[in-house]
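# sequence? don't have it. structure:
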């Protein structure tokens, strides 16, 4: 049914993957699908904000995130399914959808992280991914 599954994760926030990753791994095993994990390093937005950071900060942050993702995969995903890690840089929901399109994923599995926002059905990034994705999206509630 599914050939390629994307799981967005926040390397600094366990609730972004604690429940969604096991679901995605089980689905990848069931459907013999490839699993893609994407971590997004947000951009600074306005150039004035970036002027407060060291010159090579973004490059260093992306490199560090790549190393963290490699470690994350080895610690949290079994070796019995094909898995690839990807680091993106920009607006979180846009980069998740861009990665899903670029990688040819047919399913996005994500958590509905809602810290202290009990009135919302989904967190803001999850809601935007669902609204703008061309793929099917499975939201795993925390």
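Received the coordinates, thanks. Because the structure is a prediction, the values reported are computed rather than measured. Numbering: from 1, shown residues only.
# Can you pull out the low-pLDDT segments for this structure?
Within the chain, the segments meeting pLDDT under 70 span 44-51, 113-122, 142.
# As a check, name the ranges of all strands in it.
4-9, 34-41, 83-89, 107-111, 136-140 (DSSP state E).
# Output the ones you listed as TSV; include the columns distance to residue 95 and mean neighbour count.
Any C-beta I mention is one placed from the backbone N, CA and C, and that applies to glycine too. Listed next are the strands of the chain as TSV, based on distance: least, Cβ to Cβ, whole Å; neighbours: other Cβ atoms under 10 Å:
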stretch	distance to residue 95	mean neighbour count
strand 4-9	9	26
strand 34-41	5	23
strand 83-89	4	18
strand 107-111	12	26
strand 136-140	15	17
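# what about residue 53, neighbour count?
For residue 53, the count of nearby residues is 12 (other Cβ atoms under 10 Å).
# Helices of the protein, start to end?
Assigned by DSSP state H, the chain shows helices spanning 20-31, 47-50, 57-76, 92-103, 124-132.
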